[in-house]
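Asker: model this:
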Amino acid sequence: GVCGLVKPAAGSVHFAGQDITTMPADVTTHRGISLMPGGKGVFPTLSVNENLRLAGWFIRDDQDRVEAAKAEVQSLFPILERRQTQMAGDLSGGEQQMLALGAALMTQPRLLMIDELSLGLAPTIVGQLLEVVREIHNRGTTIVLVEQSVNVALNLAERAVFMEKGEVRFEGPTADLLERPDVLRSVFIAGASALSGEAPAKTATNGKAKAAPTKRPAPGPDEPVLLETMALIKRFGGITAVDNVDIALRKGEILGLIGHNGAGKTTLMDCISGFNQIDGGRVFLQGVDITEAPPYERALGGLGRSFQDALLFPSLTVAETIAVALERHMESKDLIAAAFQLPASYETEIAVAEKVEELIELMGLAAFREKLTGELSTGSRRIVDLACILAQEPTVLMLDEPSGGVAQKETEALAPLLLRVRDHTGCSILVIEHDMPLLRTICDRMIALELGGVIAEGTPAEVLEHPKVIESYLGTDDTAINRSGAAGAKKPVKRAAKKKAAASNGAR
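Answerer: Numbering: from 1, shown residues only. Sure thing, here's the model as predicted:
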């Protein structure tokens, strides 16, 4: 609404003393407002140079200004100068985010609006972006930051406006947010108090307090292996995206997969899911070789999968979307029986409706039950996506960045939720995630990837203390590493690990 992309139904927008409520986006850009969109903010089939040239379209008549703006962007992001002839779609996630931010700066705006700065990025990249945003602010640009992580916001912003379901719930100094548990709470996921030490919430059905799930001991070597990859290889042209990766996921185990943007994590999941044809190795699901099986057969075999973007039906309501996810469990699928509302079809529809209501209650989606999924925020769609996956009752559940676009308190609530899902269904979980407090809480083991290969494997403590993991992935910015959990919480083990990394860097 501020930049003119959406027309407000009521109210007004003022910028630099002028009413810009009805101004289109091109006019607000000329006035000095620039938006860095959340998610994918680049043109993937254009080169880095072409993206920046296109971003400077409004000042194309002043080539000196265009070149000055481009030079400033390249000084902030040297990697973009080295990648200037490369297609934007071939950049890593972090480099694409840098390009999107650089494009927003090409018009040298007076007001820069950044939507989801840390979305889906490795801690080292978030740390770099935080430094750049501080530098942009120091150069005199006013910045409005939309950020799900309160910890990241606390590190950057001086003043905060906290919104919930379209309404302002808090406005004031950012640090004061920490003293407002009434607004900093989980809205969608039951069990958010499990990590905060608050009293457990009462269920809506019987009013009894539900005990917070606890992390049980890691599955022993005698537990059967449900998902296994052997020497898995995937190449794209001359690039090896997955390089001889071996994974063994045991029954009831939660295995975390971490690595830099572009390390091959999602590609590995695509190979396991059957969306990518592998160039070497084998994949086994519950002891059955599924290397050549299409994705739908793997799903029927008990393999559930989420994606970085919540791929939902935008024109269906939340309830209808979850009902579609339950289709494989319908006892009666006869079209004629449905048309004439025969008993078998009618009873099946009742069973589906009951299951839908159960999942809506579990995920706290009652307020959005009749809303179209296309109208929901990124975080809300993520919660609906999780509900749809649970509807499939998978044996092996693969989650690709489940906290992406989800508010910090919801991320903290994901830990007890995923533990509860594991305990209730007995499924094993393979999860890609950049939120280290979340992974540290739920994972039995972790695997770190770099350039498609495994560089560390073991318990969360062992992997997160590994010098190579710290150097290439975690970095040393506590805010970027601990995006959820208690703000400013430091662990002695992390400090010790940082000293090791510093010594290693100095030796080189």
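Asker: just the strands in the stretch 201-350 of the chain please.
Answerer: With DSSP state E, counting those that start in this stretch, the ranges of strands along the stretch 201-350 of the chain come out as 225-236, 239-250, 254-259, 280-285, 288-289, 303-305.
Asker: tell me the contacts of the most centrally placed residue in the chain?
Answerer: Centroid-nearest residue in the chain: G404, 1.6 Å away (criterion: CA atoms, centre = their mean). Contact analysis of G404 by CB atoms under 8 Å, 6 or more residues apart in numbering lists 119-120, 308, 378, 382. Where C-beta positions appear, they are placed from N, C-alpha and C, glycine not excepted.
Asker: With V356 instead?
Answerer: Contacts of V356 by CB under 8 Å, 6+ apart are 319, 322-323, 326.
Asker: Next up, phi/psi of it, please.
Answerer: Per-residue torsions, V356: phi -60, psi -50 (degrees, to the nearest 10).
Asker: got it, and the one 5 residues further on?
Answerer: When read as degrees, to the nearest 10, the backbone of E361 gives phi -70, psi -40.
Asker: Next one: it, what pLDDT does it get?
Answerer: pLDDT recorded at E361 is 83.
Asker: Look up how far E320 lies from V2.
Answerer: The gap separating V2 from E320 is 33 Å, by CB to CB, to the nearest Å.
Asker: which one of the contacts of V356 is nearest M36?
Answerer: Nearest to M36 out of the contacts of V356 is I322 (CB to CB; 32.7 Å).
Asker: which residues does the closest one contact?
Answerer: Per CB under 8 Å, 6+ apart, neighbours of I322: 356, 359-360, 384, 387-388, 391.
Asker: low pLDDT regions in the stretch 301-450 of the chain?
Answerer: 329-346 (pLDDT under 70).
Asker: Ok, the stretch 1-150 of the chain next?
Answerer: Using pLDDT under 70, the flagged stretches of the stretch 1-150 of the chain are 39.
Asker: how about the strands of it, start to end?
Answerer: Here the stretch 1-150 of the chain has its strands, by DSSP E, counting those that start in this stretch, at 14-15, 18-19, 33-36, 111-115, 142-146.
Asker: Mind putting those strands into CSV with distance to V132?
Answerer: Output for those, formatted as CSV (distance: least, CB to CB, whole Å):
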stretch, distance to V132
strand 14-15, 24
strand 18-19, 29
strand 33-36, 12
strand 111-115, 11
strand 142-146, 11
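Asker: deepest of those, which one?
Answerer: strand 33-36 (a mean of 22; mean count of other CB atoms under 10 Å).
Asker: could I have that one exported to PDB, CA atoms only?
Answerer: Output of strand 33-36 as PDB, limited to C-alpha atoms (Å, rounded to 0.1, in the frame of the first residue of the first chain):
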ATOM      1  CA  ILE A  33      10.300   5.000  -2.200                       C
ATOM      2  CA  SER A  34      11.800   1.600  -3.000                       C
ATOM      3  CA  LEU A  35      10.700  -1.900  -2.100                       C
ATOM      4  CA  MET A  36      12.700  -5.000  -1.800                       C
END
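Asker: and it, what does it pack onto?
Answerer: Packing partners of strand 33-36 (3 or more CB pairs under 8 Å, 6 or more residues apart in numbering; DSSP states H and E): helix 93-105, strand 111-115.
Asker: how far does whichever helix or strand K355 is part of sit from the chain's center?
Answerer: Assigned by DSSP states H and E, K355 belongs to helix 343-363. Its chain's average C-alpha position is 29 Å from that of helix 343-363, according to CA atoms, centre = their mean, to the nearest Å.
Asker: buried ones in that helix?
Answerer: Buried residues in helix 343-363, counting neighbours by 16 or more other CB atoms under 10 Å, are found at 345, 348, 352, 355-356, 359-360, 362-363.
Asker: ditto for stretch 436-454
Answerer: So, applying 16+ other CB under 10 Å, buried residues of stretch 436-454: 436-450, 452, 454.
Asker: start to end distance for it?
Answerer: 18 Å (CA to CA, to the nearest Å).
Asker: distance between that stretch and the chain's centre?
Answerer: 15 Å.
Asker: export the contacts of I322 to TSV and tack on distance to F170?
Answerer: Converted to TSV, those look like this (distance: CB to CB, whole Å):
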residue	distance to F170
V356	33
L359	30
I360	27
V384	26
A387	28
C388	32
A391	35
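Asker: Distance to L80 for the helices and strands packed on strand 33-36 - can I get that in JSON lines?
Answerer: Formatted as JSON lines, these follow (distance: least, CB to CB, whole Å):
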{"stretch": "helix 93-105", "distance to L80": "6"}
{"stretch": "strand 111-115", "distance to L80": "17"}
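Asker: Tell me which of those sits most buried.
Answerer: helix 93-105 (a mean of 23).
Asker: now it, how far from the centre of its chain.
Answerer: Between the centre of helix 93-105 and the centre of its host chain there is 17 Å, according to CA atoms, centre = their mean.
Asker: helices or strands up against that helix?
Answerer: Against helix 93-105 (3+ CB pairs under 8 Å, 6+ apart) you get strand 33-36, helix 48-55, helix 63-76, helix 78-82, strand 111-115, helix 123-138.
Asker: And the contacts of that helix?
Answerer: 34-37, 40-42, 48, 51-52, 54-55, 69, 72-74, 76-77, 79-80, 83, 88, 91, 112, 114, 117, 119-122, 124-125, 128-129, 132, 136, 260-262.
Asker: go again using 6 Å as the cut-off
Answerer: 34, 36, 41-42, 48, 51, 55, 73, 77, 80, 88, 120-121, 125, 261 (CB atoms under 6 Å, 6 or more residues apart in numbering).
Asker: between the residues you listed, which is closest to Q108?
Answerer: For those, the nearest to Q108 is S34 (8.5 Å; CB to CB).
Asker: how about that closest one, what does it touch?
Answerer: S34 sits next to 104, 107, 109, 112 when contact means CB under 6 Å, 6+ apart.
Asker: Identify the residue spatially nearest to it, adjacent ones excluded.
Answerer: Among residues not flanking S34 along the chain, P109 sits closest, at 3.6 Å (CB to CB, 6 or more residues apart in numbering).
Asker: ok, now Q286?
Answerer: Nearest in space to Q286, with sequence neighbours left out and distances taken as CB to CB, 6+ apart, is L226 at 5.5 Å.
Asker: what's the neighbour count on the one you found?
Answerer: 22 (other CB atoms under 10 Å).
Asker: Ok, I233 next?
Answerer: Neighbours of I233 under the rule other CB under 10 Å: 16.
Asker: And for the one 10 residues further on?
Answerer: With neighbours defined by other CB under 10 Å, the count for D243 comes to 18.
Asker: check contacts around it.
Answerer: Taking CB under 6 Å, 6+ apart, one finds 452-453 in contact with D243.
Asker: Repeat that for N49.
Answerer: So, once contact is read as CB under 6 Å, 6+ apart, N49 ends up touching Q84.
Asker: Out of the contacts of helix 93-105, which is nearest to A367?
Answerer: Nearest member of the contacts of helix 93-105 to A367, counting by CB to CB, is G120, at 26.1 Å.
Asker: Tell me the spacing between that closest one and G140.
Answerer: 29 Å.
Asker: ok, the residue nearest to S34 - how many residues close by?
Answerer: 21.
Asker: That one and L35 touch, don't they?
Answerer: No: in this structure, P109 is not within contact of L35 by CB atoms under 6 Å, at 8.9 Å.
Asker: Give me the secondary structure label for the residue nearest to L430 when sequence neighbours are not counted.
Answerer: Closest residue to L430 in three dimensions, ignoring its sequence neighbours and counting by CB to CB, 6+ apart: M398, at 4.7 Å. Following DSSP: H, G, I helix; E, B strand; the rest coil, we place M398 in the strand state.
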